[in-house]
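S.K.: using only what follows, build the 3D model:
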Amino acid sequence: MSSSTFSGTVSTPKLSVAVDMGNPFLNLTVDAFLKIGAVGVTKSIAEDTYKAIDKAAKYHLLLHGSFIVGSLSKSTLENGLKKLCAEGVYWGAAAGVYVGAEYGIERVRGTRDWKNAMLAGAATGAVLSAVGKKGKDTVVIDAILGGALATASQFLNNHYFY
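M.R.: As a prediction, the model looks like this:
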């Protein structure tokens, strides 16, 4: 009896964008803003698409007793576009602040370790919370949370993922 084998590889498409602002700090910050901003945009697109289809399907089911996706209103599309831009800017700004802070701390301390991530995470949490005009207690809590998340991420990346 003959046997056969199948082997292959699967890879995802890669898109590399090089940003050269003439300064490593600016290069890293803008790169993080663009990449994570794109993640925020993608998240917003997925959420809004689901909500629009779900709303249209429920409305059509209610009126006609069958699932057919209806048309979208102009205001729904405008609100979705506004949310898309806001999410992209928010996520991109968060990434830019974090990466910029981590790079600056690394330059000042002269070493690259988990402490840089902790301090950069705390600074990012505090800045984002302060910009959101939350109370002093919330700013402190967000700073602690940001530092803890960044430190945990650093430990996981260094110890479990190569």
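
S.K.: elements contacting the helix or strand of the chain at the bottom of the mean pLDDT ranking?
M.R.: Lowest by mean pLDDT, DSSP states H and E among the helices and strands of the chain is helix 24-64, with a mean of 82. Counting contacts by 3 or more C-beta pairs under 8 Å, 6 or more residues apart in numbering; DSSP states H and E, helix 24-64 is packed against helix 74-109. For every residue, glycine as well, the C-beta is placed using N, CA and C.

S.K.: so which bits of the helix it packs on are buried?
M.R.: Using 16 or more other C-beta atoms under 10 Å as the burial criterion, the residues of helix 74-109 that qualify are 80, 84, 87-88, 90-106.

S.K.: contact partners for the residue lying closest to Leu145 once chain neighbours are set aside?
M.R.: With sequence-adjacent residues excluded and distances taken as C-beta to C-beta, 6 or more residues apart in numbering, Leu145 is closest to Gly125, at 5.6 Å. In this structure, Gly125 makes contact with Asp142, Ala143, Ile144, Leu145, Gly146, Gly147, judged by C-beta atoms under 8 Å, 6 or more residues apart in numbering.

S.K.: go on, Pro24?
M.R.: Contacts of Pro24 by C-beta under 8 Å, 6+ apart are Tyr103.
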